[in-house]
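J.: Take this sequence and fold it.
(one chain, ligands or ions: 1)
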Amino acid sequence: MSICDRIIVPLDVPTQADALTLIDALPEVSFWKVGLELFVSSGPSILSELKTRQKRIFLDLKFHDIPNTVAGACRSAAQYQVDLLTIHATCGRRGLKDAQTALVETAGEQAPKLIAITLLTSLSSRDLAFDLKIPVELPEYALEMALLAKESGLPGAVCSPHEAAQLRSVCGSEFLLVCPGVRPAWSEAGDQRRAMTPGEAMKAGADYLVIGRPITASEDPGAAFQRICEEIEA
Ligand SMILES: O=c1ccn([C@@H]2O[C@H](COP(=O)(O)O)[C@@H](O)[C@H]2O)c(=O)[nH]1
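T.: Below is the predicted model:
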């Protein structure tokens, strides 16, 4: 797999037409993320479009509900044959276990990899302590959420690049780490609070990087994508 194949680009656009324009403008992107904005507006038909183009799909719906409900959502999502699917680790042990079991019972070996959000990359240590009232240091909290996911049978987690090295060393080489919150030095951080450059994130142990606006909001998305691939390779 080339470096470029380890970059997942989010389709954070309001309509399916916008998404198709982006997909067709970036033929070199092999892995796309469909998140809440597009899925809520357009439903699952974008997934068929991506399949037709033989793209890998990260369905980032970030399930967060009681065990019975997340298990049902996973059974429904299993039909789409996507590669990655997200759930919040804060669903708790029973929710995570029931979701993972529901996926595997429905889709067997074809089941998407269910990965747990440890702590959104838009949150800072201050947000964790003062707004969420969680009295634990942020790196420790992210690690505990990843371990909860692993103990619950999930194959991986979503974390910021800041926590990737620690999660990699504790959770092991087989545990999938997907990192959003990635910003080339020449791009704006926007709402991301725990960002690192693509090269730093890969070095820290990420398997995949999710990089959106630095590519999709660029005047030349293809050139931005190439520049990022070259920077990681260098
Ligand atoms: O903790 C998380 C979990 C998911 N995301 C998603 O990744 C992309 C990042 O896009 P950028 O434009 O590169 O900021 C976006 O779709 C988020 O929903 C995240 O950022 N952090």
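J.: Around the ligand, which positions in the protein sit nearby?
T.: 10, 12, 33, 35, 117, 120-121, 158, 180-181, 190, 192, 210-213 (Cβ under 6 Å from any ligand atom). For the C-beta atoms, the positions are set from N, CA and C on the backbone; glycine is no exception.
J.: Of the residues you listed, which belong to helices?
T.: The members of those that map onto helices under DSSP state H are residue 213.
J.: Buried residues in the longest strand along the chain, which are they?
T.: Scanning the chain for the strand with the most residues, using DSSP state E, yields strand 56-63. Across strand 56-63, burial judged by 16 or more other Cβ atoms under 10 Å covers 56, 57, 58, 59, 60, 61, 63.
J.: give me the residue from this structure nearest the ligand.
T.: Residue nearest to the ligand within the chain: residue 212 (2.6 Å; Cβ to the nearest ligand atom).
J.: surely that residue meets residue 13?
T.: No. Residue 212 is beyond contact range of residue 13, at 10.1 Å (criterion: Cβ atoms under 8 Å).
J.: mind listing the strands for this structure?
T.: Going by DSSP E, the chain shows strands at 7-10, 31-34, 56-63, 84-88, 113-117, 156-158, 176-179, 208-210.
J.: what sits up against the longest helix seen in the chain?
T.: Longest helix in the chain, counting residues (DSSP H): helix 92-107. The contact list for helix 92-107 (Cβ atoms under 8 Å, 6 or more residues apart in numbering) reads 63, 65-68, 70-75, 77-79, 81, 85, 87, 89, 91, 111-112, 114, 116, 148-149, 151-154.
J.: buried set for it?
T.: For helix 92-107, by 16+ other Cβ under 10 Å, it's 95, 96, 97, 98, 99, 100, 102, 103, 104, 106, 107.
J.: From the residues you listed, pick the one nearest residue 140.
T.: residue 96 (19.0 Å; Cβ to Cβ).
J.: before we move on, the earlier item: neighbouring strands - and their directions - for the longest strand of the chain?
T.: When pairs are called by DSSP bridges, strand 56-63 turns out to pair with strand 31-34 (parallel), strand 84-88 (parallel).
J.: Adding distance to residue 202, write these out as CSV.
T.: Below are the strands paired with strand 56-63 laid out as CSV (distance: least, Cβ to Cβ, whole Å):
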stretch, distance to residue 202
strand 31-34, 15
strand 84-88, 18
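J.: The ones you listed into JSON lines, with extra columns for mean pLDDT and mean neighbour count?
T.: Output for these, formatted as JSON lines (pLDDT from 0 to 100; neighbours: other Cβ atoms under 10 Å):
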{"stretch": "strand 31-34", "mean pLDDT": "98", "mean neighbour count": "23"}
{"stretch": "strand 84-88", "mean pLDDT": "99", "mean neighbour count": "24"}
